[in-house]
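how would this look folded up:
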Amino acid sequence: MIISTFPTEESLRELATDVIVNKKICACVNYAKIRSLYFWQNKLEDHAEFITLFKTTDQRSEELKAEIEKRHPYEIPEVVELKMNDVSESYVTWMALSTNSVI
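Alright, predicted model coming up:
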């Protein structure tokens with residue numbers, strides 16, 4: 001699973017739709033509006049963002065991370081991979097089928 005944040009719903013939906021439908025490197029994307037506090041260029045920032053969970057297989061994670069970094073609107077995007085070690089077999093099978101991965 002890859003976690004990222006986006007400034008707008010439109011920016012994340014464009015990328016999410018492409019990686020799910022066209023590239024088939026992601027099985028599912030969940031997102032929700034959040035507030036983020038962070039230090040940037042010597043000042044504290046407080047902004048609304050969209051946290052985004054990209055669910056993919058280990059086989060597709062590097063390709064997905066590269067796609068997010070290449071197309072992300074932020075200068076330094078958050079791209080964090082969390083290994084999904086304890087996942088139901090049926091969900092792993094569904095992700096593999098959705099991303100043309102081998103189990």
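
how about the most far-flung residue of the chain relative to its centre, phi and psi?
Distance from the centre of the chain peaks at Asn42, with 27.4 Å (CA atoms, centre = their mean). Torsion angles at Asn42 (phi, psi; degrees, to the nearest 10) stand at phi 70, psi 20.

from Thr5, how far out is it?
21 Å (CB to CB, to the nearest Å). No exception for glycine: its C-beta is placed from N, CA and C like everyone else's.

repeat that for Met95.
22 Å.

higher neighbour count, those two?
Regarding Met95 and Thr5, a neighbour count based on other CB atoms under 10 Å identifies Met95 as having more, with 23 against 20.

what ranges does the protein have for its strands?
Ranges of strands within the chain are 2-6, 28-40, 43-55, 80-81, based on DSSP state E.

now the first one against strand 43-55, angle please.
Here strand 2-6 runs at 130 degrees with respect to strand 43-55, directions being taken by axes from the mean of the first three to the mean of the last three CA atoms, to 10 degrees.

packing partners of strand 2-6?
helix 9-17, strand 28-40, strand 43-55, helix 58-71, strand 80-81 (3 or more CB pairs under 8 Å, 6 or more residues apart in numbering; DSSP states H and E).
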